[in-house]
Each structure stands twice: as structure tokens, then as C-alpha cells.
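**Q** Below is the structure, and that's it, no one-letter string:
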């Protein structure tokens, strides 16, 4: 029995609201149950030094949590003077995942920065950031294409992510916070709309896992991301 | 003529939506035109070391801007490794202003932290933060009173803030970003619902100002905050 | 009754000693009672990136306190690894105030940095820094003019500052430390020799204030700065 | 064809030399081909604040690279003033992986810190760190048991890690640097001697991967870690 | 021929003015030619953790340069966010040197912090800091003795320092800045009034030196510090 | 009687193993008793800004200790966020000492960075770093000469260092950690193979010292470095 009463393979209610800020080239608020993440995409002409002059584009991401997005208040990272290890890990994952869906030649020598800011957290913020981040990216790229700055579509297929884990001994889809904090095994699965895998992370948190459990989690993730791809396309067309 | 077409003494449309995050003891989204600030209030039992054991309470504030709340993307302060001078100034102002409306004996030895995070910026973010911050504070204090943790109301009167400035030679109320970036003189006025002044800051930005202009700005601020007090009370009762 | 026995509208004894360090282009030691601030002005050919090539000049300021300028020793900011919020606020104020007295076209594309280092503190260090900082600036500009590097005088009029506050219920001029730490309301007034206002900051510290009190403080500030302008001119001619 | 001439499922030559520093409670130098990592384990009586008084032990890890462990010199992290994102990610992984092999009740309220310092790098440093780190941990725990400070063995089974990836379209075991920098997919597999999985990370680096490839990599990892478990036991008995 | 016209064994004019700030327990301004250092001593009841409860006292020092104490402006260390290597080296030297003249049992469990802030620099600031720092320390200790907080004098003998170097091939006493920047060998000699040596540092800066030159520099230092001991005693009695 | 049973003028067993890492242009592991330091030399074409275009070369050094090189674990400097004062002092000394043996014109406009990382510490790490650092430097320069990038040998003579001190009232050569922590006087002597002195540092640590003792220590250092020069030449030819 899941705390939320959901079935083992049932995701939380998902909504994706686009165009939520007037300044960003692309933006959305993604809500996966009580997890709400504001994603914005910013287009800039400059690229990082290591690809200057290469003609290739770059997609990168930053991640943050508002101090009171959590049940008890977290210290503001700007005030502590650095991004914590968890933040750094997550934003590297988001950037890497989104880039796996981008044809960097087609993008051309420009950078798109995707900011994912958690307004309210209830588990699965990194997965929501990737899924919502792709929507913001899609909208920004649409702008580039409409303006004729980019000719062939640099986005290969949608990129979405979902967490799965072993909770109370059973494989469940889309962990919320009460499940996440109790789960013995926790996995993040990032897939591309064409069926390819981008990143798979399964991690023991107290318990370890068997190869069969690994397969079960992967199956759930396949199913969950299919629904997310549909919603991403709906939101951006 | 103001860029927005407003009259000299006309504020932007203001809305205050409360209860916007499920974790915080008090919260609201305040919108002054296109400036949107998410304000949350967090109650904690600990107080800063300098008042430990005094029986007095403390109210403090932190301020941040999402990287793409602005027309071009700002660097994330958590990534640069420190809060900039402007941020530090603003959050000190918010905390000081809110405290001027608090009876710290009645609050008792606890701390309330008000976080003001700018989701979208179009000028006047510090004033919106103070006005919205008071609403979040009011809601959090209501919770304390309902629970019987606080007996007599520690909030003396509402606290609200508005900016006024000299734009194109004329005193105008509630500067938006296009006005703010052109204004020769820029003022922030923080008032309390009982008519008392909490903080007055008038600052030359290119131009200087006369004593008469100072009086004109003060008059506009008086008028503007009256409307804000009404909205604060509506939002919290 | 003021702790020092001064009348309500009586400033502390002020002296301005110029040419106190051999390296700086302009320098003075300003003493307002027991508050002693060493001000130096440094001319550099480079300007900040945001005005490079504009032909405009820049004036900026930095502020510091020696660790034992205060009654009990403060931690050295260089050792703590950053300038505190109060320091940042003050040095931004000094720079902004001095710039309001400068014709940046006439100054030409160069930067003058005014360093204000508090040797001994007894209240009012930011005001003393502005008043003394202008003297250092004046002397440095004189050097530029004598050398023919600058043709028409870029300094519009002297800039001076004084603090006023409500102490024991009464408006008093030029708070010293014992008054400052007790005052319910504290204001800093920065004026220009031609009568224009540059910056007005009035701030509740425990108490709030009425509009009449605001007027009283402003009147005192007008009177106090008149004397300071005279001393500045004496010291620099 | 692999650059080193190895078969697809052939690991590099591995050696584990124990007792390499006289101060640490446990230590080894692990060499996987040209990747050399010095691992030390330090026992301390204190534990992190969040488990103080719980009776539970803690195992944590830190990771570093000597500046010239790499083909071109890296900047020293102590000099740049912070550990980079990659370092933080790796040391969190090492600590998490080792803890998954530890019975924290049996360990008792003490902390063991495993330091993994890369003396020479040629790919796979994080996996070598985990495998060697377990050896250092085992030796330190042996010391505790010999001294009677710990009664029942807190180490459940050995923990070892190996990287696998898709290189030139084929699944290969134990990537060296030339392979790692070209591989389209890169995975780290952390297993426990009893056959359980601790952590699986597969990541697209340019290419993506299919579910079949995921299975192939997992199979290779199973085989590779079996050999490592044997060497770990040989080295510590 | 020395740039200043001094004889090879001639020090610059030295003056020591005591009681220069009203807050510090001991203070002086020491002037060695154009090098001016403000030294203050602060007494605190707390000691560093490593001697808590030992009954022993501690003397420590901090050193700083005002940004425009030098011919061209230096960046303020508080603004750069850390003390540079040179600063750290110097303040460790000052503290170590002063402690060598202190009976820490007689001082009792308290800390005296000596702050040395360079107001104007013309070479030899670390030596002037030690010599002036001892004067501030002496005055602070006098206060402790007068108050009966310390019974037997914890200061064994005065501590003074002088720089010597090889300039234009000749051993010279008390280098000023023009000499210091040209000298091939530069030494700092810290002696105690009873003839004992505290610290000797001789350092090649471009040139190296022979054992005979080492002896010559030591002889000069002996002579120079004799005069400084006299001035220290005059200033403090 | 020395704790190790050595004679007063007896150094510890010294060994220098070269070519210990495959990436560095020059490298060695120097062992002075239980003090083991890994030294690597890196050649880069860029030079520091202050000599760009001068045609002169630069030699610099960095120093670090592995966290468990010491009897109890030290905090990792990369994790604390800065190099401590002792580290900064030591690496400046190493760089300065090595430069005193280099003809920077002959080296040409390139930089050689010598990294000295302490693998195991038992006193005298800075001296071992200098002696071993020179070996790494020599090997790197040999590579430059063999490649014809440098024509005339830029290394004037070997540079070696040894510590001497007053232990239990007697002058002893090459202090190990038990001696170092008890010694009242501690000196570091850096000499060049042609008999010239590069740096002499003698420092009171609790005790002070007489001029005769200074002479005794210098004599011991002369003798000790003679042996080190021989070993350096053996190791590099």
C-alpha cells in the first residue's frame, strides 16, 4: 500500500503550464503531484570557451530550491556561499540529459541555459526538472526556428525522466517524498522519445537490490516516461 | 506621459494570492503589475544568539531573484558564491521594516524568517517583497495565535512599501522597470498602517532633488500605501 | 540632555587635515569628535567594463574599519573572508553620493577610487566618510586639473553628510555612538553645496517616526551640512 | 579492437598493495593498469551530528587527484578554493557505496573516513577508489576487531566497482582513459560480494543506449567484479 | 651610495607615538622614515581552544595594509575575499616573534591580539610592526598589572626587528622601499632585549649570499635593534 | 640522546626514486626516513602575466599534504576551501628556493611548476620537498635540453635543504617529527651546490637562541646538504 493510495505503477497527476514568465525564451511550470518546478530556457549567443569557434551549440542547466520549498526550511545556498554537492550533481545530470536529445550541429554556436527552480518539493524534483526543462528548451528552440536563426530542428526527440524505487519491498513508479525517504532503493531513469536510454541510476539507500528488481524498475520507467512524452508534446504544440 | 499610460499617481494592478505553497506557515504570491514575488514565512523555535534567553522574538528576511526573472539572465547567486551587495541591502531592509511592525515581547522567543523570491521582475521588487512579506508574516502569526502559542497579537499594524520617483521631471507613484531605469530620483517609502513612517530612502540616480520634490514623493507614497494596507487586510481576513 | 552635553542642534568638533599620506593623489583625515576616518583618493586610467569607451568617468568608494577602531575588537573582514552586509551598504552609499556631485563627462574616462578607513569610531562613520571622501576627491581632481588632464572642473559642488535622529524623544544633530545605539530613529542626509538633496535615509530602529519628525530631522541636516561645506572649502583651497 | 589490445571482457592488470602508509589504520595502493590510487582509512570516535547518540556508525569518503596525476596538469583544488562538481559527485558515490556493505549497528558509534587520492590517472579512478577503499576499510575494521572494540564483523561482504562502456559500438569491460574519452556510453557498476547490486549508473556521453546494451554492460560488470572480490579477499587475509 | 643618502649602517628616523586610539588597551603609531604602522593591542578573556584550561596565555597578531598605503593602490583584501600569502606569512611572524618575549604562565589564561595596520608603506613594514607591536603589547600588559590582573611581569624583555640586506653589493641596515625592491638579498632579524635571537630570515631575491655576508648582516642587525630597544623603553615608561 | 638513536650530525636514510609517474615531465619520490614526498615537474608554455613577453622563464611550486599523511587525520584543504597559512608559506619558500638555482634567461619564456605532495609525514617535509623538487626540475629540464627547446643549461647548481634545530639543548641535524615537536629552535637551511646560501630561517619555538648556536646549526646544515647534493646528482645522471 502506497501512502498516497496510488497503484504500484501509477504516476502522480502531472500538469505542464507553459509561458509562465514573460522574459524567458521558453518557460513552464511542471507539477508532478505536489512537486512544482519552474523551468526557464535562456538563449545566449556566447558559448563556453572549450567550444568557441567549433560551430557547435551547448545546452546547460542550473538547479535550485527555494528555501521553503521543503517541509522544514533549508538554508539558502546563495547565503551559505556555495551550491551543495546534491545541487551540483543534479544540475550536471539535467544538463547532460538534455544534451543527449540535442543535435549540437543543428543548434549552431549558441548556448541555451535551462534553469530549474523548485517552488514546492514533494520528491522527484530532478526528474520533474528534466521533463519540464525539455519543455522550456523546446519552446526556446521553436522561437529560434520561427525566427529563422536555426533551420533544421536540433531536438531529436523529447527527453523525460521518472523515478522508480523499491518501497516496502515492491517496485513502484514515481516516488513521492514519503516514499522516497523510506525507499531502500531509488532509481532515476532518463529516456528519449525514440526509446533510447540516456541515463540510468539505481542506488542502494540502506537496502541493496537484485538484478530482477533492476529489471522491474526499468519496466516501470519505460511505461511512465511514455505518458510524459505525450504530455510534453501536447504542451509544446 | 508614463510608458505604461498610467496617471502620475496611479499604482499598477495589485493582487495578493495567499496559501500558495503547502509547506510554509504563511505564504502569498504578490503581483504588482508584472512584478511577481513569492513570499513565505517560516516559524522556528530558535532565535539568533544575541537574544537567546531574552524572551524576545525575531523577524528576519531573505531575498533572491530567480536567474531569469529579469529581461536578460542574471548569474545565480548560489553559483557565484555570494549574495551581491544589492541583495544584502534589500534583505536587511525587508527584515528591518517588518520588525518595525512587530511587538517582539508579544511574539515570544521564536524567529520568523520571511523569504521573498522574485519570480518575475518589472521594477519595485523590494517594495513588493515588504508588502507581500507582511502578508506571509500575518498568516504565520495567525497560525501561532490559533494554536495558542501566542496570546496577544504581536503585529501592531500592517507594513507596506511603495516606490516613488522623479520620472521625466515629474513625481510618479510605483515605478515600473522602464521608469525605474530612467528615473533621476528613486525613493522607497515604508509605512505602517497606523500612519507612522518606518523607513524613507530617497536617492539621486543621476539627478538630485529639491526639498519640494521630497515632499511630493512623500505625499504620493502616503496615498499608495493606503491602498496596499486595504489589500493586505482583505487578503488576510 | 545629550550624553555629551551638546545642544540639540550642535555638531561635534570637526577637523579636516589634508595631505596625510604621501602616495595618494588626494587624502585627508577627518575627525568628527572621536570618529576619525582616513580618506584617500586614487586616480586610475582604467574604468569599469560597463562604461569602457563611453568617454565617461567613474567614482567609486570602499569602506573599512580597523579591527580595534571600536570599543570591543571586531573581526577583520579580510580574515573572515568577506565584507559584511553593513560594509557593502556603506561603501555603495559613499560611491553613489560622491558621484552625484560629479560631472562624469568633464571627468573623462578615468576612475577615482575613494578609500575610507575608520581609524577610530564613535558613531557617524559613514557620514564622516562622505564628507572627508569629497575632500580627498577634490584634492585628486585639483591635481588632474593642474596637470591639464582635465579642463573644466568635474566637481559640481561639495558633497557632505550628517546623521540626525530622534534621541530620547527629541530631534538631535550628529549622533555620537552612545546616542546612536539608543536612538529610536536614525537618519543620514547627504546634501550638495548648491542646496540639492542627494540621499535621504530615515530608518526606524525600534521606534517609528511621524511626518513632523521627518521634517525636523531634515531641518537639522540642512543646518549641519552648511557648516561642513564651509570646512570642506577651507580645507581644499 | 581496443587501444590496449585487450579482449572486450578483459580487465587491466590489477594489484593491491596493503600497509603502504604507517599512520593510517588501514591503507592500500590499488593499481588498475596505469591508474594508481592511494586509499587510507581513518577511525575516529566522533560521528556526524545527525547520528550522535544513535549508537550507529558512519563511513564516509573523500576523493582527490594530485595535480599532475593527469596527462596535462590540473589546477589544485585546494588552491582554487573548492572541490569541483566531479569531485563532489565521486566522493559521495564512494561513501554511499561503502556504506551499503556495512552493518552500522555492528560498527558502533564511530566514523571511518576513507581517503582516495589518485596518484596517477588512466581512467576508472572512481571504481578503483571504491575497490581499494573497501580494502583500506577492511584493514581498519580488522584492527578494531583485534582490539576488541568491535565484536561482530560490521562488513557484510566486499564492495567492488568496475566501469563498462560502449566503445566503438561494442560493450567493453574496464575502460582506460583512451577508451573513456571516446566511449559513447559509460557505466559504473558497484556490486557486493554476495551478488547484490549497490549502484548502477549508465550515462550517455554523445550516444544513447538500448536496453540490450544495458544488459550486456551489466553482464560484463558481473564478471569483472567477481575477480575483484577475490583480489580484495587475498589482500586482506 | 644609498638612494636616501644614508650611511650603510644608518637607520631611518624612528618615532613611536603612544596612546593614539582611545579604545585599545595599548596602542602606538610607529614611524620608520615613511613607513607608518598603527599598532593596537586588545586584551580578551578567551583563549584559543587548544590551550583552554591550561592556565597559559596567548599572544597573536594580525596584519593589514590600507589599500593606498602603497605607491599604486592595492586591492583591499576584505574585497578579494582572502588574505594573501604575504599577509598570512607576516602576521604569523609577528605573533611568533612577540610570543618569544612573553612568559605565558605569568600572563595567565587570556589572549592579547596585536593588530598592525600599515597606514603608509616605504619598506620594512613587518619589522616596524613587530617593534611597534611590542610597544602596544607592553602598554596593554601595564594596564593588566596596574589593575592587579597580572602579578609578575609576563614580558621578559623588549622584542624588536630590523631588516638588513645586500644592496648594490654592500650590506646595509634598514632597507627602504627603493632599496628593498633592488636588493639581491633581504633579511629580517628579530631580537630580544637580552641579546637572544628570536628569528633570523635571510632570503635570496635574485642573488645568493655567502656565509661572510650572513655574518655582516647579523652584525648590522645587532646594532640596529639596540637603538630600537632604547626607543621602545622610552616610549613605554 | 635522539629518539631515533641517531648521532647529533646524522641524517636519516635518504632515497630518491625517479620516474615515478608516467605523465609528469620530471618526477621523483624522495624519502627522508619516514617522510615521503612525491615531487612532479610540469612544463607549460604560458608564463605569469607579470613576465609575459620578457623572454624570462618562471619556476613556481605548490605543496600539499594528503589528509592521512599525518598521525591523526588533517582536514583536506580542498574541502575546507582554502590553503592554510602554513601551506602558503611553504610553497612560496619552495618556489623561491628553486628559482635561486635557475638562470631564467636560459630557461626561456616558459613555466615549470613543481608539485610537492606529502604522502607520509615525519618532520622535515618542506626540506624534502625542496631537495626532491630540484630533482624533478632537473629531469624536466633535461627533457627540454634533449628536445633542443633549451640550449644552455638553465640550472646553475643543485638546490637542497635540510632542517637543523636545538633539541634537548644540543644542535642536531635533520629533525624528525618527535624532535621537531619538542625542539626549542628550528631552522631551515637552503643551499646551492656551489656553496652559496639561498635561504636561512631560524625560528624560536618556545626557546630563543644565541649567536653561537646559530653558527652551530649553520655548520651542521653545510655538512648535511653536501650529502644531499651528491644524491641529487646520482639520481639525475
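**A** Structure received. What you see is a predicted model; the values in this text were computed from it and never measured.

**Q** Now do the end-to-end distance for stretch A:104-113.
**A** Terminal residues of stretch A:104-113 are spaced 14 Å apart (C-alpha to C-alpha, to the nearest Å).

**Q** Show residues contacting it.
**A** By C-beta atoms under 8 Å, 6 or more residues apart in numbering or on different chains, the residues outside stretch A:104-113 that reach it are A:25, A:41-48, A:51-62, A:137, A:140-141, A:144, A:149-154, B:67, B:73. In this view, the C-beta of every residue, glycine as well, is placed from N, C-alpha and C.

**Q** Can you select the buried ones among those residues for me in ChimeraX?
**A** What follows is the ChimeraX syntax for the buried subset of the contacts of stretch A:104-113, where burial is set by 16 or more other C-beta atoms under 10 Å in any protein chain shown:
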select /A:25,41,42,43,47,56,57,58,59,60,61,62,137,140,141,144,150,154 /B:67,73
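
**Q** Tell me the helices and strands packed up against the helix or strand of chain A with the lowest mean pLDDT.
**A** Ranked by mean pLDDT, DSSP states H and E, the weakest helix or strand in chain A is helix A:77-80, scoring a mean of 91. Contacts defined by 3 or more C-beta pairs under 8 Å, 6 or more residues apart in numbering or on different chains; DSSP states H and E place helix A:77-80 against helix B:77-80.

**Q** quick one: contacts of the helix it packs on?
**A** Identification of contacts with helix B:77-80 by C-beta under 8 Å, 6+ apart yields A:62, A:64, A:76-78, A:82-83, A:87, B:64, B:83-84, B:87.

**Q** Show the contacting residues for the residue in chain A positioned nearest to chain F.
**A** Here the residue of chain A nearest chain F is residue A:82; by C-beta to the nearest C-beta that distance is 8.2 Å. Counting by C-beta under 8 Å, 6+ apart, residue A:82 touches B:78, B:81, D:82.

**Q** mind checking which helix or strand the last one is in?
**A** Okay, so that is residue D:82. Secondary structure from DSSP states H and E places residue D:82 outside every helix and strand.

**Q** near chain D, anything from whichever strand or helix holds residue A:218?
**A** For residue A:218, the host element (DSSP H and E) is helix A:211-236. Yes. Helix A:211-236 lies within reach of chain D by C-beta under 8 Å from any C-beta of the partner chain, at A:211, A:214, A:218.

**Q** Contacts only, for the last one.
**A** In other words, residue A:218. A:189, A:200, D:211, D:214.

**Q** try it again with 7 Å
**A** Neighbouring residues of residue A:218 by C-beta atoms under 7 Å, 6 or more residues apart in numbering or on different chains: residue A:189.

**Q** if I look at it, how far off is chain C?
**A** 47 Å (C-beta to the nearest C-beta, to the nearest Å).

**Q** Please read off the pLDDT at that residue from the model.
**A** On the pLDDT scale, residue A:218 is placed at 97.

**Q** buried ones in stretch A:104-114?
**A** A:104, A:106-114.

**Q** Please read the previous query as pertaining to stretch A:221-237.
**A** Neighbour counts over stretch A:221-237 (16+ other C-beta under 10 Å) mark A:221-222, A:224-225, A:228-229, A:231-232, A:235-236 as buried.

**Q** can you check stretch A:5-25 too?
**A** A:6, A:11-12, A:14, A:16, A:18, A:20-21, A:23-25.
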